[in-house]
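Undergrad: could you look at this predicted model? Sequence included:
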Amino acid sequence: MNVNTDKPLQVAGQTYKSRLIIGSGKYRDFQQNRQALQASGAEIITVAIRRVNLGQNREEPSLLDVISPGEYTILPNTAGCYTAEEAVRTCRMARELLDGHKLVKLEVLGDQTTLYPDVTETLSAAATLVKDGFDVMVYTSDDPLVAKRLEELGCVAVMPLGAPIGSGLGIRNPYNIKMILENATVPIIVDAGVGTASDATIAMELGCDGVLMNTAIAEAGDPVLMASAMRKAVESGREAWIAGRMPRRLYASASSPVDGTFF
Amino acid sequence: MQIKVNGKNLEVAEHVTVQGLIQFLDLGNGRVAVELNREILPRSEHDTQVLRQNDIVEIVQAIGGG
């Protein structure tokens, strides 16, 4: 298959040219975040929902003034939620905040050290949110059975971790990601764990539909340059996946003909 | 009368509306969402919803996150 015939990423009926989704946390300022977003080519950006600071100076621009919902798909997350109830409440607030916007990133965390998903609470929240009309992109563990269950519940994308959030350890269990991919009929997006460009490429070479990252870009020495590297890494991994890699062999296979030597 | 906003006790005028509270807190220009006593309060009702003693209000916004 030629890469030109590759179908674009589709999530909840929307088509995206970019298979990279980035976060908006940990940047020095909104300006740097915006520059990184432009360099990454991403069309979807995650945001968190938090209390306003009472007494905060409203002359300062807010995130959505700098990264506008008209220009990008805003993906509100439920980061910081440890129960299904908190996550559902957060999604309802996000929908109100974004004028009825239905696309959310569900994450229900299990503990503060690993930030591993609490899959029981995640399954429960996913069921409620789907019933409530949300398009749920769900962060989960790399357990193939849980991934399938989330898909069956009606999630529009399943997003297994490559490694713990913010760890930068890369894709620790590529074989599980493979198993998830083999059984999936919705987009599978690696969410969390990417540390550098090659990690994103590995995720895409496995056949993932996309990669979501925040810290790998925001905590890079030069976030804008890393955002550009990630754009290329995701495109490169996707092209390699579509192209189909050569088989692995234990021994050498000469690239020059063995016949016709003159010695 | 006393209400609770984002976890803090706040003294506000009687019969103040949610929109009045938002103005009072100088949040009028920002994009916010409001929960009143754990129920979403649609933006279209901010003008008409009158607050009562001991109401619990949450006002949120979008901030950076992954």
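TA: Cool, got the structure.

Undergrad: quick one: the top strand by length along chain B near chain A?
TA: Assignment by DSSP state E gives strand B:56-64 as the longest strand of chain B. Yes. Strand B:56-64 reaches chain A (Cβ under 8 Å from any Cβ of the partner chain) through B:E58, B:I59, B:V60, B:Q61, B:A62, B:I63, B:G64. C-beta coordinates here come from the backbone N, C-alpha and C atoms, glycine included.

Undergrad: roughly how far apart are the third one and A:R51?
TA: If I follow you right, that is B:V60. 6 Å (Cβ to Cβ, to the nearest Å).

Undergrad: for A:V224, what are its contacts?
TA: A:Q32, A:Q35, A:A36, A:A39 (Cβ atoms under 8 Å, 6 or more residues apart in numbering or on different chains).

Undergrad: three-state assignment of the last one?
TA: If I follow you right, that is A:A39. Three-state assignment for A:A39 (DSSP: H, G, I helix; E, B strand; the rest coil): helix.

Undergrad: can you report how many residues neighbour it?
TA: Per other Cβ atoms under 10 Å in any protein chain shown, the neighbour tally for A:A39 reads 19.

Undergrad: same question, the third one
TA: By the measure other Cβ under 10 Å, the count of residues near A:A36 is 27.

Undergrad: and the gap between it and chain B?
TA: 11 Å (Cβ to the nearest Cβ, to the nearest Å).

Undergrad: who's more crowded, B:V60 and A:R51?
TA: Shown here are B:V60 and A:R51; by other Cβ under 10 Å, B:V60 has more neighbours (21 against 15).

Undergrad: touching, the more buried one and B:G30? I think so.
TA: No. Counting by Cβ atoms under 8 Å, B:V60 does not reach B:G30; the two are 10.5 Å apart.

Undergrad: quickly list what's touching both of the two.
TA: Contacts common to B:V60 and B:G30, judged by Cβ under 8 Å, 6+ apart, are A:V52.

Undergrad: follow-up on the earlier one: of the residues of strand B:56-64 next to chain A, closest to A:N173?
TA: B:G64 (28.8 Å; Cβ to Cβ).

Undergrad: how about the nearest residue to that closest one once chain neighbours are set aside, what does it touch?
TA: Distances taken as Cβ to Cβ, 6 or more residues apart in numbering or on different chains place A:S24 nearest to B:G64, at 4.1 Å, with adjacent residues excluded. Residues near A:S24 by Cβ under 8 Å, 6+ apart: A:33, A:37, A:45-48, A:63, A:67, A:214, B:63-66.
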